[in-house]
Structures are given as structure tokens and as C-alpha cells.
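[1] predicted structure and sequence below. I'll ask about it afterward.
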Amino acid sequence: MPALVVPNRSKPLNIPILESRVPKPEDLVVLSKPLLEATIKIGNLLNDCSAKWALGGDIGEILNGVNVQPDHITILTNAEGCPEIGKKLAEFQVETSRLVERQIRRNAEIGPKPLPVKIRSYESRFNFDGQRLDVHGDLRIKVGEWEWGDPLDFEPEYVYVVGVKVPVVPLKLKTELYLGLGWMDRVRKINEATARRHHKIG
């Protein structure tokens, strides 16, 4: 079963296509200094972590050049990774891992009316000099009354943050999730980041 269960659609998806262009000042992607420093610290502390993990949420996207404004750090892992990460980051932990189910702030936009979106995961929380870190193990997504999707699984991609190599959730997976939720504005932001990256390569 896929990570996000979406019923069959009769109407094809309109995926925005963007041409490469010179970035404008408002396109510049900047991560705040406190979040940057916390990300570097986390990357160093989890450098030898044997469990699969990756930076997700807005923090994972901004490290890939997506123009978003994260207010905290998110790590995605599996259920086995929760205790290992908890042990390595023990001095910063404020909430131990527990199974949590909650509705997120934004609804799915894929039908005539918005549908609530719920997530379920083994969640723990940490504090790095005032910067919040949420760790989600075996994250699942549910839209409306549909079935729960499988736990998110992926092969991380890697980026360097001031010389520290950190894994991030692939933008391809994020695009698939956003398409399934009907969040076309987020798909567009990822496409814009890809276009900027191609422009730099050119």
C-alpha cells in the first residue's frame, strides 16, 4: 500500500511546469542562524547513527533550496530509529517517544470540499538552545475517512550544511505527497527550486 492512500481520480493532475530563469531577490532561500546551528549540531551528533533517518518537513526542503520558512526541525525515521536517536540526543530530550495521532493544520484540497489530514507516528521532542526538534518514527498519513497509508519509507538524499553531511527526505517523495494532498502551491515551490538549481548548473 502506498504512503498516502488516494482514491482513483477521473481527472488528470495538472502539474505546474516552470522554465529556468534568473532568480529574483524574493527567491533567495535563507535559513535562520539558530536553526542552522541546531541543524549542524544534530548532524554531528547523529553522524554515526545506524538507523535510517532524514531531515523532513520544511527544514528538509529549505536545505534543498525550496523557498519555505521553517520554524522547527523535523526528523523522520522508523520505529527502530526512535530509541537510538533518543539515546544519542538524550541531554536535549523534553518528551520521550510515544505513539501520537493528531490532525495537522492544513486540509487536503483534492475534492469539492477540504478534507482533514491526520498523521500518526512514534513522536519525541527535543530542544537545542531554544530550537525545537520533532522526531517521527513510522509516520503514517490519513486523509478524511480513507485508510491509513503505509509508514513513510524512502532512501535519503544527502546535502552538506557548512561541511556537515546530513540526510534529507527526497523532494520527489515530497512532490508525490503534495500532489496526493492537492497542495499545488507546495509542488510549485519545489519546481521553482529545481529550476533555480538547473539554472546554476547551466
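    Structure's in. What do you need?
[2] just give me how far the helix or strand containing residue 126 sits from the chain centre.
    The secondary structure element spanning residue 126 is strand 117-128 (assigned by DSSP states H and E). From the chain centre to the centre of strand 117-128 is a distance of 12 Å (Cα atoms, centre = their mean, to the nearest Å).
[3] cool, and stretch 114-128?
    11 Å.
[4] residues of it that come out buried?
    115, 117, 119, 120, 121, 122, 123, 124, 126, 128 (16 or more other Cβ atoms under 10 Å). Every residue, glycine included, has its C-beta placed from N, CA and C.
[5] and the next element down the chain from the strand holding residue 126?
    strand 131-143.
[6] packing partners for the helix ranked longest in the chain?
    Taking residue count as the measure and DSSP state H as the definition, the longest helix of the chain comes out as helix 184-201. Counting contacts by 3 or more Cβ pairs under 8 Å, 6 or more residues apart in numbering; DSSP states H and E, helix 184-201 packs against helix 57-62, helix 171-181.
[7] contacts for the longest one?
    Helix 171-181 has contacts (Cβ atoms under 8 Å, 6 or more residues apart in numbering) with 3-4, 6, 13, 15, 60-61, 64, 66, 108-110, 117, 141, 143, 152, 154, 157, 184, 186-187, 190, 193-194.
[8] in that helix, what's buried?
    Judged by neighbour count using 16+ other Cβ under 10 Å, the buried positions of helix 171-181 are 171, 173, 174, 175, 176, 177, 178, 179, 180, 181.
[9] distance of the fifth one from residue 79?
    Here the distance between residue 176 and residue 79 works out to 22 Å (Cβ to Cβ, to the nearest Å).
[10] who's in contact with the residue nearest to residue 120 when sequence neighbours are not counted?
    The shortest distance from residue 120 to any residue other than its chain neighbours is 4.3 Å, reached at residue 101 (Cβ to Cβ, 6 or more residues apart in numbering). By Cβ under 8 Å, 6+ apart, the contact list for residue 101 reads 118, 119, 120.
[11] tell me the contacts of the last one?
    If I follow you right, that is residue 120. When the contact criterion is Cβ under 8 Å, 6+ apart, the partners of residue 120 are 99, 100, 101, 139, 140, 142, 148.
[12] weed out the non-buried ones from the residues you listed.
    Burial of the contacts of residue 120 was assessed by neighbour count (16+ other Cβ under 10 Å); the buried members are 139, 140, 142, 148.
[13] pLDDT wise, what is the third one at?
    To tie it back to what came earlier, the one meant is residue 142. Residue-level confidence at residue 142 comes out at 97, pLDDT.
[14] next, the contact list for it, please.
    With contact taken as Cβ under 8 Å, 6+ apart, residue 142 is in contact with 5, 117, 118, 119, 120, 148, 149.
[15] same thing but 10 Å
    Residues in contact with residue 142 (Cβ atoms under 10 Å, 6 or more residues apart in numbering) are 4, 5, 101, 103, 115, 116, 117, 118, 119, 120, 148, 149.
[16] same check, this time on the second one
    For residue 140, the set of contacting residues under the criterion of Cβ under 10 Å, 6+ apart consists of 3-5, 101, 118-121, 147-152.
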